[in-house]
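> turn this into a structure:
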Amino acid sequence: MRADLDEETVYQMTKAFWDNIDQVTSDASWAKALNPEFAASKRGLMELHPGAARYYREAGVLE
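This next block holds a predicted model:
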């Protein structure tokens with residue numbers, strides 16, 4: 001995601017994705033391998049967008 005997107009927009013996008021993961025996986029079977037814990041994990045130098053981090057904290061997968 002673009003770093004210049006506001007926090008609320010990214011939060012809503014991230015929430016909508018995970019709230020609808022069943023629909024996503026019915027259209028894209030490869031998405032069954034996705035999970036919030038992996039999505040929230042730090043990899044390399046990449047940082048989560050503050051809006052995404054907010055969602056993952058509320059979901060209990062990020063401290």
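
> what's the nearest residue to His49 if we skip its chain neighbours?
Spatial nearest neighbour of His49, chain neighbours left out: Val10 (4.7 Å); criterion: Cβ to Cβ, 6 or more residues apart in numbering. Just so you know, the C-beta spots here come from the backbone N, C-alpha and C atoms, and that holds for glycine as well.

> tell me who's in contact with the most centrally placed residue in the chain.
The centre of the chain sits closest to Thr14, judged by Cα atoms, centre = their mean, with a distance of 4.5 Å. The contact partners of Thr14, by Cβ atoms under 8 Å, 6 or more residues apart in numbering, come to 51-52, 55-56.

> recalculate using a threshold of 7 Å.
Contact partners of Thr14, counting by Cβ atoms under 7 Å, 6 or more residues apart in numbering, are 51-52, 55.

> do the same with Gly51
For Gly51, the contacting residues are 7-11, 14, by Cβ under 7 Å, 6+ apart.

> let's see that with 8 Å instead.
5-14.

> assign it to helix, strand or coil.
Per DSSP: H, G, I helix; E, B strand; the rest coil, the local secondary structure of Gly51 is helix.

> skipping adjacent residues, who's closest to it in space?
Here the nearest residue to Gly51 in space, its sequence neighbours aside, is Val10; by Cβ to Cβ, 6+ apart that works out to 2.9 Å.

> what count of nearby residues applies to the one you found?
21 (other Cβ atoms under 10 Å).
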